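>>> missing the sequence, but the structure's below:
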Ligand code: NAD
Ligand code: UDP
């Protein structure tokens, strides 16, 4: 009898890769998605698999499914700043009501639930690189707060369900992740730069481009998520990210070189509250999960560029 894993946000960038990975690992997989940023095409190739089921549902409302559930990967939430700021009240509802509903669901089923939290809980960090002990520097009033505070509250709810009800929870803090199947209009930096370069349009850097991010390829993240779900007696939170740190200018130049584009790099105003730097300390993940990322930015960008080239033909 196969174990069943539920993936909320299963039609999104990370979720659709995770559904594939879990099917490959021998699970029955149920995707729950309202297709807010996810796409039916991302999971269309899985629909003929008898072990896969796609349910169109919003995590803001309570979920009921028949039969035993072993694992819940709770990913439902738009991740791009453009997408999560489009309807910020909805973003808070997804994060907070969605987390309560999925924790109730986990509690009723006796399932283990993993919350996809984020490096954004550290806000515009004053500690660098960020360890899990750092409590963060978030502007509660700014346009990013719907996401940052929503995710912080979701972490709180995980810990409260764990202490109050004994719910089996896991928290991972994911740092910027990229790869094939990001939507071309997603708004995040890697897809924006690659798509602009391939179309020969200007590569638009926000601010002076000196801000940094650390980019993790999707396959490395999947290994971390699965390792965390399997790990006994470890709630987290644990950082999952690639410590290689780049300025947005460096990334733009890299994309320019790797695509061979004639696109120019141009500059536009920095969005409000855009974090100045971000880099994970991954000592805890190395020690407790035996995990570290293995795919370099060059290798991962190469695969991502190939994907977008084929998509844009
Ligand atoms: P994504 O936007 O591609 O996918 C999110 C998925 O959730 C989409 O399929 C969307 O339709 C679905 N969704 C949104 N609101 C929903 C709701 N109310 N009910 C049901 N489904 C809903 O984003 P992603 O990059 O795949 O991110 C997945 C998760 O990982 C998110 O929770 C995100 O916060 C977290 N995360 C991602 C990154 C990253 O760099 N990719 C970094 C940190 C955290
Ligand atoms: N960014 C940029 N050009 C773009 C999109 C983003 O310069 O077309 C910058 C953005 O201001 C931020 C960084 O790239 O400093 C990463 O942005 P993204 O939206 O990918 O994720 P964030 O880490 O900010 O959530």
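Yep, it's here. Model, not experiment: these values are computed from the prediction. Numbering: from 1, shown residues only. Ligands and ions are numbered 1, 2, ... in the order given.

>>> Tell me which residues touch residue 125, please.
134, 136-137, 275, 277-278 (C-beta atoms under 8 Å, 6 or more residues apart in numbering). C-beta here means a position set from N, CA and C on the backbone, and glycine is covered the same way.

>>> Apologies, that question was intended for residue 46.
19-20, 23, 29, 52, 54.

>>> Compute the distance between the residue lying farthest from the centre of the chain and residue 311, please.
What lies farthest from the middle of the chain is residue 262; by C-alpha atoms, centre = their mean that is 31.1 Å. Going from residue 262 to residue 311 by C-beta to C-beta, to the nearest Å gives 20 Å.

>>> that older thread, pick the one among the contacts of residue 46 closest to residue 164.
Looking at the contacts of residue 46 and their distance to residue 164, the nearest is residue 29, at 29.3 Å (C-beta to C-beta).

>>> Tell me the secondary structure at that closest one.
strand (DSSP: H, G, I helix; E, B strand; the rest coil).

>>> Would you mind listing what in this structure touches ligand 1?
Remark: the part of the chain in contact with ligand 1 comprises 8-9, 11-15, 33-38, 58-60, 75-79, 83, 94, 98, 116, 118, 174, 176-177, using C-beta under 6 Å from any ligand atom.

>>> about what we covered before: double-check that the residue farthest from the centre of the chain belongs to a helix.
No - according to three-state DSSP, the state of residue 262 is coil, so it is not within a helix.

>>> distance of the residue nearest to it when sequence neighbours are not counted from residue 19?
With C-beta to C-beta, 6 or more residues apart in numbering as the measure, residue 200 is the residue that lies nearest to residue 262, at 6.0 Å, once sequence neighbours are left out. Summarising the geometry, the distance separating residue 200 from residue 19, computed by C-beta to C-beta, is 34 Å.

>>> more crowded one of the two?
Neighbours were tallied for residue 200 and for residue 19 using other C-beta atoms under 10 Å; the higher tally belongs to residue 19 (28 against 11).

>>> Any of the residues of the chain next to ligand 1 buried? List them.
When burial is judged by neighbour count using 16 or more other C-beta atoms under 10 Å, the buried members of the residues of the chain next to ligand 1 are 8-9, 11-15, 33-34, 36-38, 58-60, 75-79, 83, 94, 98, 116, 118, 174, 176-177.

>>> Assign residue 306 to helix, strand or coil.
Three-state call for residue 306 (three-state DSSP): helix.

>>> For residue 281, give me its contacts.
With C-beta under 8 Å, 6+ apart as the criterion, the residues that contact residue 281 are 129-132, 239, 243.

>>> May I see those arranged in a markdown table, with secondary structure as well?
Shown next, in a markdown table, are the contacts of residue 281 (three-state DSSP):
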| residue | secondary structure |
| --- | --- |
| 129 | coil |
| 130 | strand |
| 131 | coil |
| 132 | coil |
| 239 | strand |
| 243 | coil |
